[in-house]
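Trainee: Got a predicted model here, sequence first, then my questions.
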Amino acid sequence: MARTMPKPAPRPRPKAAPRPRPKAAPKKQPKKAPKQRTGRPLAHMSPRVQSLVPVAEVAGDAFPVTGLTRSNISATLTYRTLVAVTNTGVAGTVMSIWQVPATAAPIFSTFTVPSVSGSGGGETITAGRAMKAGLSLVNTTQLLNRGGRVFYLNSTARLFLPNSLSGMSNGNLLGVMDAICSHPKCQAYDGTDFSKPLEFAAEVVDTTAYHQFNSWEGSETSDEFWTHISTYPGSAETTRPMSALFIVIDSTSVQQTYTATAYGSWYTRWPVESILGQAQRPIPVAPQAVVNKVHATGKALASGPHSLSDLGVVAGLTAAAIKYGPRVARRAGAEGAFEMAEEAGILAGLL
């Protein structure tokens, strides 16, 4: 009988691996709020900020200049003081100060930025136009004695005078100060509010005059300066590209000492053979909407005083300049405009 071989036992099938449990759907993370800028774009029209104001159309070459002039003001029971600051676009004179007593002769003073005070040929400006204007005011009186009243008005209209400045009586001059202090938009402050410097800046009020290059006068007298910001019977009004910043410091029984610093920025043109004439660069060009935004920052600054921290560098300054710089160069037709825009960061916080 043949021997039958036993059938091999079937191999056990391997156990199937356990199915993985379905993972829970990931929880949706709440969207992070966008980072807030640490600076404020309202600083572009302040001469304390080294930025250039662009134009909407190619305007040729110019050399940007910023400078300051300063005066100490003593407020006593004897005098009432008026400070007027603007950029006329035709001269480096940016500030006029009246000190008016009750009876004695008034004192009129004008202050000009030294670097742009010359006119004529050689190494002096041949033509210029306004870019910025500003004022810084600080009360340097000993802390315990600080006080008095200070009034501020940003005037976009001309101030009416009953006569030319040199022909006005003390009563006329004091009446002008009263008119400024009683204006609905005039703001009143205490002398202690100026324990730290507060900044003011002018806004553009006449676009045509603002963009126009004028023959350069260098410096102006008080009468000449006031023809830009006032009107009186028979007056010959002159260009008024920017608003006027008026500060009235009331007389006070405890003497107060203030330091008023006026700033101005201009686009200037120099003789072609001069050093600065050869250093001129294309004025930055930007779309009209951006130019309007830059000008609008002037209105925000002119609305009231701002501290130096308000005028700090805007976050992302370099990034905005690099982003916009090549377009500036293309529109202006010169690569030099890129370096100028990059250094100044003309559009930080606006794009």
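Mentor: Thanks, I have the structure now.

Trainee: okay, CA-based contacts and neighbour counts for the rest of this
Mentor: OK.

Trainee: Any stretches of the stretch 201-350 of the chain with poor pLDDT?
Mentor: Segments of the stretch 201-350 of the chain classed as low confidence (criterion: pLDDT under 70) are 309-350.

Trainee: do the stretch 1-150 of the chain as well
Mentor: Ranges of the stretch 1-150 of the chain meeting pLDDT under 70: 1-7, 9, 15-17, 23-42, 119-123.

Trainee: please redo it, this time with the cut-off set to 80
Mentor: Under the criterion pLDDT under 80, the flagged ranges of the stretch 1-150 of the chain are 1-43, 102-103, 118-123.

Trainee: Would you map the strands across it?
Mentor: Counting by DSSP state E, counting those that start in this stretch, the stretch 1-150 of the chain has strands at residues 61-75, 79-85, 93-101, 107-112, 127-139, 149-155.

Trainee: And the third one, what does it pack against?
Mentor: In terms of contacts (3 or more CA pairs under 8 Å, 6 or more residues apart in numbering; DSSP states H and E), strand 93-101 is packed against strand 79-85, strand 107-112, helix 170-181, helix 222-226, strand 256-269.

Trainee: The helix or strand that comes right after the shortest one pairs with which strands?
Mentor: Meaning helix 222-226. Using DSSP states H and E, the next helix or strand after helix 222-226 towards the C-terminus is strand 230-231. Partners of strand 230-231 in the sheet, by DSSP bridges, are strand 159-160 (parallel).

Trainee: Outside of the partner strand itself, list whatever touches it.
Mentor: The contact list for strand 159-160, computed with CA atoms under 8 Å, 6 or more residues apart in numbering, reads 229, 230, 231, 232.

Trainee: and the two most separated of those residues?
Mentor: 229 and 232 (10.6 Å; CA to CA).

Trainee: Let me see the domain layout of this protein.
Mentor: Following automatic domain parsing, one gets these domains for the chain: 40-59+283-351, 63-279.

Trainee: Reformat the ones you listed as TSV; add distance to residue 10.
Mentor: Listed next are the domains of the chain as TSV, based on distance: least, CA to CA, whole Å:
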stretch	distance to residue 10
domain 40-59+283-351	74
domain 63-279	96
